[in-house]
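Colleague: Would you be able to build a 3D model of this:
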Amino acid sequence: MNTFTILLKRGMRNIIIALSLLFVVLAFSIPYLWMIGSSFKPRAEIFQYIFPFTWRTFVPVSPTFHNFVELFTTFKFGSSIFLSLYIAFLTVVFSIVVCSMIAFVLAKLQFKGRTLLFFYILATLMVPFEARIVPLYLVIRSLGVDNTIAAIYLPWIADAFVIFLFRQHLCEIPKDFYDAGLIEGCTHFRVYRSLMLPMITPAIVSAILIKFIWSWDSFIWPLVVIRNPRLQVITVAISNLFSDQDILWNIVFSAAFVTTIPVLVVFFMLQKYYIAGVTSSGIKG
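Modeller: Predicted coordinates for the structure are as follows:
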C-alpha cells in the first residue's frame, strides 16, 4: 500500500468523523437556537414560520424585548433566579465540605469495614429517586424544616458520586504525603485541609460543576417539599407558566433562555477542570 492510498484513507476517515460530529452538534444546537430566537419573537410569530423550514424559524422578523420585560416585572422571575442561585451555592459549598471529608476518611484512614462502607455508599446510587422521595420527605418533615430553603438542599449534601470522585483522586495521592504530614505534627484535619484538598483541585472543580447543574435543574423535589409561592425555584416558576387555559410560549421561551445562561457561564469557566477530573477518576481504585 503506497503513501497516497494511506493518506487518502486517513483523509476520508477524518472527513467522516468531522461530518458525524457536525451532525451531532446540529442535532443538539438546533432546538437551542430555535429557543433563543423564539425568546425575542412576539407571541404570534413563534409558530408562524416553523414550516417551511427557513431562516425566519430561528431569526425574529420583528424582534422585541417585551418578553423579558414582562418576565421580570409581571412574573417576578428575578426572585426565582436569585433563590435558585442561593440554593445552588449552599448545596455546592456544604456538599464539597462534607463529601471531601468522607472521601478523605475512606481513602486515607485505616479502620475495619472501610471497604464495606465504601461499597454501601456506592450502592445508594442504584436506588432510584422515586423510591427515596417519600422517606426523604418524612425525614424533612420530622426535622421541622419542610417548606423552607433548607428542605431543598439538605438531602443532597452527601452525594455518593461526589464521594466516589474525591476518593478516587485521594487514592491516587501517594501515602507518603499523608505520612509526612503526620510526622510533621499535623492533625488529620490539618492534613486533609492543607495537604490533600489542594492536590485534588480538578476533582473539586468537577464536583462544583456537577452539584451546581444538578441543583439548578432540580424540579420534582422542590415541587414536593415547598408550598410557599415565594420560595419557588426557577424550574417550578417556569412550570407555572403553563396552565389549562393558555400557554404563554413567548414568556416560556424567554424564561428558558435566561435559565440556561448561568449554567453556560459556569460550564465554560470550569469545563477544563471538569473533563480532567472525571476522566482521571477511574484510573486507579
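Colleague: Run the chain-centre distance for the helix or strand that contains Val105.
Modeller: Using DSSP states H and E, Val105 falls within helix 77-108. Helix 77-108 sits 11 Å away from the centroid of its parent chain (C-alpha atoms, centre = their mean, to the nearest Å).
Colleague: which parts of stretch 116-124 are buried?
Modeller: Within stretch 116-124, the residues scored as buried using 16 or more other C-beta atoms under 10 Å are Phe118, Ile121. Just so you know, the C-beta spots here come from the backbone N, C-alpha and C atoms, and that holds for glycine as well.
Colleague: Please export the C-alpha coordinates of that stretch as PDB.
Modeller: Output in PDB follows, covering the C-alpha atoms of stretch 116-124 (Å, rounded to 0.1, in the frame of the first residue of the first chain):
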ATOM      1  CA  LEU A 116     -17.600  -2.400  53.000                       C
ATOM      2  CA  LEU A 117     -18.700   1.100  54.000                       C
ATOM      3  CA  PHE A 118     -17.500   2.500  50.600                       C
ATOM      4  CA  PHE A 119     -19.400  -0.100  48.700                       C
ATOM      5  CA  TYR A 120     -22.500   0.600  50.800                       C
ATOM      6  CA  ILE A 121     -22.300   4.300  49.800                       C
ATOM      7  CA  LEU A 122     -21.900   3.300  46.100                       C
ATOM      8  CA  ALA A 123     -24.900   1.000  46.400                       C
ATOM      9  CA  THR A 124     -27.100   4.100  47.200                       C
END
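Colleague: pLDDT on that stretch, on average?
Modeller: Averaged across stretch 116-124, the pLDDT comes to 92.
Colleague: before we move on, what about stretch 37-49?
Modeller: 87.
Colleague: now do stretch 177-192
Modeller: 86.
Colleague: Ramachandran angles for Gln110?
Modeller: Phi and psi for Gln110, reported as degrees, to the nearest 10, are phi -100, psi 120.
Colleague: Also Phe242?
Modeller: phi -100, psi 140.
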